[in-house]
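Enquirer: next come a sequence and a model predicted from it.
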Amino acid sequence: MEWLLNAAHWFGSAVCHQFPEHSHHVAGVPLPLCARCTGLYLGALLTMIFHAWRRPRAMGVPRPWVLFALALFFFAWAGDGVNSFFSMIPTLPHLYPPQNLLRLITGTLTGITIGSLIFIVFNSMLWRAPNPESIFATRREFFALLGLSALLVLIVHSEFALLLYPLNFAILFSMLALHTTLVTAFVADLTRPALDWRQALPAFALGALIALTYLSAIALLRALLLPMLLSW
C-alpha cells in the first residue's frame, strides 16, 4: 500500500506546503496535507456527498443566516491562517499560539463553505434542468452537516494508527474529486449541459483528465524547483 501513501503525498504537494509540524501524524507518518488543508478537502468532500444524498441537483442559494454562517467559517479559516503565518516570523505579533486542532477545525468549517459553493456551481453549469431548491432546505440539515463535520474532526485528530491508509485514501480521493468536479462544471458550461448522467460522462472524463494533468504538472514543478530553492 506504499503506492497509496506516495500518490497522496504527490498530489498533496500540488495544493499544500505539507509542513510536517503543521500536519497530523498517523502511525508516525504525516498526512499528505497540513491540518488546515486536510480539514478543507475532507470537509468539502463530506459536504458535497451530503448535498448529493439530500438533493442531487439542487442549486438554490441557502437562506441569509446560512450564508452568514458560511462567510464566518471562511473568515475564521483566513484569520487563523494569518495568525499562524505571523507566528512564524518573530518580528510580527500574533493573537494566540497556533495549533493543529484549530487548523483542522477552521479548515473543516471552510470545507463546508467551499463544498457548498462547488455543489451549486456544478449543478447550475452541468445540468440542463437543475433543481432550483436550496441546498439547505431546513435548519436541521445544516446542523446535521455540522455534526458530521465535528465527527470528521474527531476522527482525524485521534491519529488512530489503523486510519493511516483510510485517511490517505480519503484525502487523495477528496483532492481528485473536488478538482474534477469544478473543472467538469466549466467544461459542461463551454459545451452542452446534460440531461442525465450518461450525457454528463464525456464532461466528467475531460474534467478528470484536465484535473489530473494540472495537479501532476504542479507537483512535478514543485519537485524540480524545491531542491533548487533550498540550495540557494
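Expert: Perfect, thanks for sending it. It should be emphasised that the depicted structure is a prediction, and the values quoted were computed from it without experimental measurement. Numbers count the residues shown, from 1 in each chain.
Enquirer: in the lowest-mean-pLDDT helix or strand in the chain, what's buried?
Expert: The helix or strand of the chain with the poorest confidence is helix 197-231; it has a mean of 88 (mean pLDDT, DSSP states H and E). Across helix 197-231, burial judged by 16 or more other CB atoms under 10 Å covers 200, 203, 204, 206, 207, 208, 210, 211, 215, 219, 222. To be clear about C-beta, it is placed using only N, CA and C from the backbone, and glycine gets the same treatment.
Enquirer: swap in stretch 138-158?
Expert: 141, 142, 145, 148, 149, 152, 153, 156, 157.
Enquirer: helices of this structure, start to end?
Expert: Remark: helices assigned in the chain by DSSP state H are 2-12, 35-54, 64-87, 100-126, 139-158, 164-190, 197-231.
Enquirer: any chance of the ones you listed in TSV, with distance to residue 28 too?
Expert: TSV is the format used below for those (distance: least, CB to CB, whole Å):
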stretch	distance to residue 28
helix 2-12	12
helix 35-54	16
helix 64-87	24
helix 100-126	15
helix 139-158	15
helix 164-190	9
helix 197-231	23
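Enquirer: and the closest residue in space to residue 222 that isn't next to it in sequence, how many residues sit next to it?
Expert: Using CB to CB, 6 or more residues apart in numbering and skipping residues adjacent in sequence, the residue nearest residue 222 is residue 13, 5.3 Å away. Other residues within reach of residue 13, judged by other CB atoms under 10 Å, total 20.
Enquirer: against residue 153, how distant is residue 13?
Expert: Here residue 13 is placed at a distance of 24 Å from residue 153 (CB to CB, to the nearest Å).
Enquirer: cool, and residue 120?
Expert: Applying CB to CB, the value for residue 120 to residue 153 is 24 Å.
Enquirer: quick one: which of the buried residues of helix 197-231 is nearest residue 166?
Expert: residue 215 (21.4 Å; CB to CB).
Enquirer: I figured that closest one hits residue 13, correct?
Expert: No: Residue 215 lies out of contact with residue 13 (CB atoms under 8 Å); the separation is 9.4 Å.
Enquirer: in the protein, where is pLDDT below threshold?
Expert: Along the chain, the model assigns pLDDT under 70 to residues 92, 226, 228-232.
Enquirer: residue closest to the middle of it?
Expert: residue 41 (1.9 Å; CA atoms, centre = their mean).
Enquirer: nearest residue to that residue in space, please, no chain neighbours.
Expert: That would be residue 174: by CB to CB, 6+ apart, it lies 4.1 Å from residue 41.
Enquirer: and the one you found, what does it touch?
Expert: Listed by CB atoms under 8 Å, 6 or more residues apart in numbering, the contact set of residue 174 reads 41, 42, 44, 45.
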